[in-house]
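kindly return the folded structure for what I paste below:
(one chain, ligands or ions: 1)
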Amino acid sequence: MNREVWVVGAGLAGCEAAWQLALRGIRVRLFEMRPEKMTPAHRTGLFAELVCSNSLRGAALENAVGLLKEELRRLNSVIMSMADRHRVEAGGALAVDRWRFAEGVTQKITEHPLITVVHEELTAIPPGQPAIIATGPLTSESLADWIRAKTGQAYLYFYDAAAPIVTRESLNEEVVFAASRYGKGEAAYLNCPLNREEYEHFWQELKDAECFEGHLPEEKTIFFEGCMPVEVLAARGRDTLRYGPMKPVGITDPKGNRPYAVVQLRPENREGTLYNLVGFQTHLKRGEQERVFRMIPGLEKAEFVRYGMIHRNTYINSPRLLEATLAWRDTPGLFVAGQITGVEGYVESTAAGLVAGVNLARFVQGKDLLVFPQTTAVGALLHYIATAEPEHFQPMNVNFGLFPALTAKVRPKFRRYQALAARALRDLNSFLALNP
Ligand SMILES: Cc1cc2nc3c(=O)[nH]c(=O)nc-3n(C[C@H](O)[C@H](O)[C@H](O)COP(=O)(O)OP(=O)(O)OC[C@H]3O[C@@H](n4cnc5c(N)ncnc54)[C@H](O)[C@@H]3O)c2cc1C
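Take a look at the predicted model:
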């Protein structure tokens, strides 16, 4: 069987997916609505247009996104080969000449004899059509309606109002304590207690901190009550936070005292290596998030693996809907890739495109689908996507907190990251030897 498959969206994920399919001899119809219909952020009709920064972030292997890039190179990524070809000087980061990069990707894709490009907005996937949805954070309204009808309203999100995520190992264990409100259920939450003086100082600094100038004008209109930025709450009054995300009721510290205010941390992954600051979705600049949130007792040395943010972002509740192969659970032949799966960032979206492309090719060829080892950056990221706690699922950048721990303790952190990267590349090579 070698029927034509569809890929919807010629962004980073869609181009990578189409390329991987074509590499495996599969005929692809690639739908891209631009330039006929533009998104609020894209400027051209070029494929793989980078809508904001021209940086694909850190290049070194001791950086999880650097490792992810190296894995993608080993997996014959067209996006990585074009990024390396059109690299511009950017210190420790891999930045690209965005127009040459996008032109390079567009040319590679359009010239491939197995890929047919259709400049059209797709509004639905016909039943039984093998396809990958890779329409990104700015998925068109009509296709979003179709996805909403398929998933149910509750499983499709339009805005990302995300709280920062910190690593467990960076918390001050002498200060934070595990406790649930009124002692109910398992004490999965960690708590950072503040006395009155600490709270008032924190409140003052938060209220006066500098906010990020957003990408999209509509961001200003999205602050509905359920995901109000923490700094907006702070601006309402001295005690608003104490009656909101920092309320101390029902929480006592290990000595039996009730703090004046509390910041709760909720586990972000099953392994309990990452925690998010509950209710701390924020629009503060990254430097300001570090400065102000490290004033919270217990977070003095917090390592931020994802900063809080608020922006337009269409994504599905992947833990409820997708496998780590990126296959839609109850629809054989339908895959999802890119930022719409809940991965966050250019390189992560590319990785999701690559895996969806590989697996759709295998589906069409009647082969078993591949789940990448969790010890690799690709595998760790997709493991998170498929198994995160669905109730609080939020988009994620790749980071070493998602990886299974090493068998032996390695310090300092820099050496540990080197060891994790070495293990990842070793395991990827073995995996590829078994699954050519
Ligand atoms: C404003 C903004 C700024 C961002 N800044 C950064 C940043 O600086 N760094 C970073 O790493 N990430 C950033 N991101 C996230 C970034 O969008 C993703 O990392 C990446 O572009 C996602 O790749 P993708 O292929 O999933 O989606 P995209 O690259 O957006 O590609 C999706 C494609 O699908 C097309 N499409 C949509 N709907 C349809 C349809 N119905 N039919 C046909 N085609 C359709 C779109 O035109 C688009 O070309 C930003 C996102 C936004 C919205």
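
what helix or strand does Lys56 sit in?
To be clear, residue 56 is Leu; Lys isn't right here. strand 55-58 (DSSP states H and E).

again with Leu425
Counting by DSSP H and E, Leu425 is part of helix 413-434.

try Ile109
Here Ile109 is assigned to helix 98-111, by DSSP H and E.

what's that helix in contact with?
10, 15, 18-19, 30, 44, 46-50, 54, 78-79, 82-83, 85-86, 115, 117 (C-beta atoms under 8 Å, 6 or more residues apart in numbering). Placement of C-beta: from N, CA and C, glycine included.

so which elements touch the helix or strand just after the strand holding Leu56?
Using DSSP H and E, the helix or strand that directly follows strand 55-58 along the chain is helix 64-74. Judged by 3 or more C-beta pairs under 8 Å, 6 or more residues apart in numbering; DSSP states H and E, helix 64-74 is in contact with strand 55-58, helix 78-85, helix 346-364, helix 377-387, helix 413-434.

ok so, going back, average pLDDT across the helix holding Leu425?
Mean pLDDT, computed over helix 413-434, is 97.

same question, stretch 187-206
Stretch 187-206 comes out at a mean pLDDT of 95.

stretch 378-387 too?
Rounded mean pLDDT across stretch 378-387 is 98.

likewise for stretch 137-147?
95.

list the buried residues of that stretch.
For stretch 137-147, the neighbour count (16 or more other C-beta atoms under 10 Å) marks 137-140, 143-144, 146-147 as buried.

among the residues you listed, which lie within helices?
In this view, the buried residues of stretch 137-147 that belong to helices under DSSP state H are 143-144, 146-147.

and the pLDDT for the closest residue to the ligand within the chain?
When scored by C-beta to the nearest ligand atom, the chain has Gly11 as its residue closest to the ligand, at 1.8 Å. Predicted confidence (pLDDT) for Gly11: 98.

mind giving me the packing neighbours of the worst-scoring helix or strand of the chain on mean pLDDT?
Taking mean pLDDT, DSSP states H and E as the measure, the chain has strand 156-162 as its least confident helix or strand, at a mean of 76. Applying 3+ C-beta pairs under 8 Å, 6+ apart, one finds that strand 156-162 contacts helix 141-151, strand 309-316.

ok, and what's touching it?
137, 144, 147-148, 222, 227, 229, 281, 306, 308-317, 394-395.

which of these are buried, as a ChimeraX select command?
Entered in ChimeraX, the line below selects the buried ones among the contacts of strand 156-162, by 16+ other C-beta under 10 Å:
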select :137,144,147,148,222,229,281,306,308,309,310,311,312,313,314,315,316,317,394,395
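
can you narrow the contacts of strand 156-162 to ones near the ligand?
137, 311-312 (C-beta under 6 Å from any ligand atom).

follow-up on the earlier one: out of the helices and strands packed on helix 64-74, nearest to Ala179?
Of all the helices and strands packed on helix 64-74, it is helix 377-387 that lies closest to Ala179, at 25.7 Å by C-beta to C-beta.

the inter-axis angle of that closest one versus helix 413-434?
90 degrees (axes from the mean of the first three to the mean of the last three C-alpha atoms, to 10 degrees).

oh, and call the first residue 56 from now on, that's how I've got it
Shifting the count to begin at 56 puts that one at helix 432-442.

does helix 432-442 come close to the ligand?
No: judged by C-beta under 6 Å from any ligand atom, helix 432-442 makes no contact with the ligand; its nearest approach is 12.8 Å.

which residues touch Ala441?
Counted by C-beta under 8 Å, 6+ apart, Ala441 has contacts 373-374, 377-379.

excluding chain neighbours, what is closest to it?
Counting by C-beta to C-beta, 6 or more residues apart in numbering, Ala379 is the residue found nearest to Ala441 once chain neighbours are left out, at 4.0 Å.

doesn't Ala443 make contact with the one you found?
No: using C-beta atoms under 8 Å as the test, Ala379 is too far from Ala443 to be in contact (11.2 Å).
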